[in-house]
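# Please find the sequence and the predicted model below.
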Amino acid sequence: MLLPFARLVVAGLALTLAAGCGGKEYVRGSQDPSIDSHAMSTGLDKEDIQRALKETLNKLRVSPVMNEWRTTNPPPTVAIFPFSNSTDQHIDSALETILSEAETWMVESNVVTMISRDRQREMIREVEGQQNAVFNPAHTAKYGRQLGAKYLITGKVSGNDERTEDMRRVQYFLYMQVLEVETSAIRWQGKTEITKAVR
């Protein structure tokens with residue numbers, strides 16, 4: 001009779017052999033970095049997000065508003081708000097990643113005080129007066145005032161989806177902007193393009 005640990009080892013070995021017999025192999029990106037370079041769909045993946053953010057945030061890094069923030073004392077308060085998805089693609093999880101990455105970049109820049117995104121849902125409900133309220137871009141100034149932010153970073157992704165008999169191409173346009181809460185003035189806006197295709 002096998003001990004419980006031995007049974008687990010045997011079961012794990014059996015699963016490994018079964019997976020090997022099916023011709024599938026599980027590989028980590030750290031073992032084979034080329035895994036991340038291949039497109040698996042026309043959606044936004046890790047490489048698309050990293051390239052788009054690098055390009056967009058590098059534009060923000062040298063912008064007049066960022067230079068102004070560097071000399072403001074105390075540092076201005078900034079909040080990051082959802083990006084609108086104007087495409088017909090299911091990219092909401094990619095947009096969440098973009099927001100989290102941009103928030104991390106802003107925190108690491110050490111030029112602003114970032115307001116946590118954790119309280120945003122509650123605050124959006126307060127402004128919209130609904131239990132299951134959804135972010136409304138028309139009310140960004142109200143949200144910013146409610147949070148005590150001087151600036152908001154937000155944006156949108158629009159797209160163009162075209163097909164022929166033997167090819168499909170999806171073009172994404174990522175817009176990021178810095179809004180001044182008090183005036184709703186756009187203090188900075190950057191655009192990045194991403195194209196994906198199946199052929």
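Right, received. Where do you want to start? None of these values were measured; they are calculated from a predicted model.
# Which element, helix or strand, includes the residue nearest to the spatial centre of the chain?
The centre of the chain sits closest to I98, judged by CA atoms, centre = their mean, with a distance of 1.5 Å. In this assignment (DSSP states H and E), I98 forms part of helix 92-109.
# Could you chop this structure up by domain?
The chain breaks down by automatic domain parsing into domains covering 1-35, 39-198.
# Please work out the average pLDDT along the shortest one.
Across domain 1-35, the average pLDDT comes to 63.
# One more: the longest one?
When pLDDT is averaged along domain 39-198, the result is 87.
# Over to N73. Which of the three states is it?
coil (DSSP: H, G, I helix; E, B strand; the rest coil).
# So what's the residue count around it?
For N73, the neighbour count with other CB atoms under 10 Å is 6. The way it works is simple: take the backbone N, C-alpha and C, and place the C-beta from them, glycine included.
# Over to W69?
Number of residues near W69 (other CB under 10 Å) recorded here: 20.
# L99 too?
Number of residues near L99 (other CB under 10 Å) recorded here: 19.
# again, but for I91
Using other CB under 10 Å, I91 is surrounded by 22 other residues.
# same check, this time on M167
Neighbourhood size, M167 [other CB under 10 Å]: 10.
# re earlier: so which of the domains of the chain is the most packed in?
domain 39-198 (a mean of 16; mean count of other CB atoms under 10 Å).
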